[in-house]
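**Q** Predicted model and sequence below, questions to follow.
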Amino acid sequence: MYICRRYARVAQLVERNLAKVKVAGSSLVSRSKKLVAPSY
């Protein structure tokens with residue numbers, strides 16, 4: 001049981017980190033689009 005709980009905690013942390021990365025990535029993409037748009 002202890003190992004399962006520990007693994008579950010790690011899985012939650014990984015999911016949170018992935019969510020943060022996705023949010024950061026999407027914001028970077030939107031920023032880059034804004035910066036690139038005027039050059040066209």
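**A** That came in fine, so what should we check first?
**Q** Walking through the protein, point out its helices one by one.
**A** Secondary structure of the chain (DSSP state H): helices located at 2-36.
**Q** Low-confidence stretches in it?
**A** Along the chain, the model assigns pLDDT under 70 to residues 1, 28-29, 31-40.
**Q** what separates E15 from S27, distance-wise?
**A** From E15 across to S27, the span is 19 Å (CB to CB, to the nearest Å). The way it works is simple: take the backbone N, C-alpha and C, and place the C-beta from them, glycine included.
**Q** next one: A11
**A** A11 is 25 Å from S27, by CB to CB.
**Q** Please apply the same query to C4.
**A** From C4 over to S27 (counting by CB to CB), the distance is 35 Å.
**Q** Also Q12?
**A** 23 Å.
**Q** same thing with A19?
**A** 13 Å.
**Q** for R16, same thing?
**A** 17 Å.
**Q** Same check on V10?
**A** The gap separating V10 from S27 is 26 Å, by CB to CB.
**Q** now N17
**A** Distance from N17 to S27, counting by CB to CB: 16 Å.
**Q** go on, A8?
**A** 29 Å.
**Q** now swap in I3 and tell me
**A** Taken as CB to CB, the span from I3 to S27 is 37 Å.
**Q** Same check on R5?
**A** 34 Å.
**Q** for K20, same thing?
**A** For K20 relative to S27 (CB to CB), the value is 11 Å.
**Q** Please work out how many residues are found near G25.
**A** 10 (other CB atoms under 10 Å).
**Q** Report the contact partners of it.
**A** By CB atoms under 8 Å, 6 or more residues apart in numbering, the contact set of G25 is empty.
**Q** between I3 and S27, which one's more packed in?
**A** More neighbours surround S27 than the other of I3 and S27, with 10 against 7 (other CB under 10 Å).
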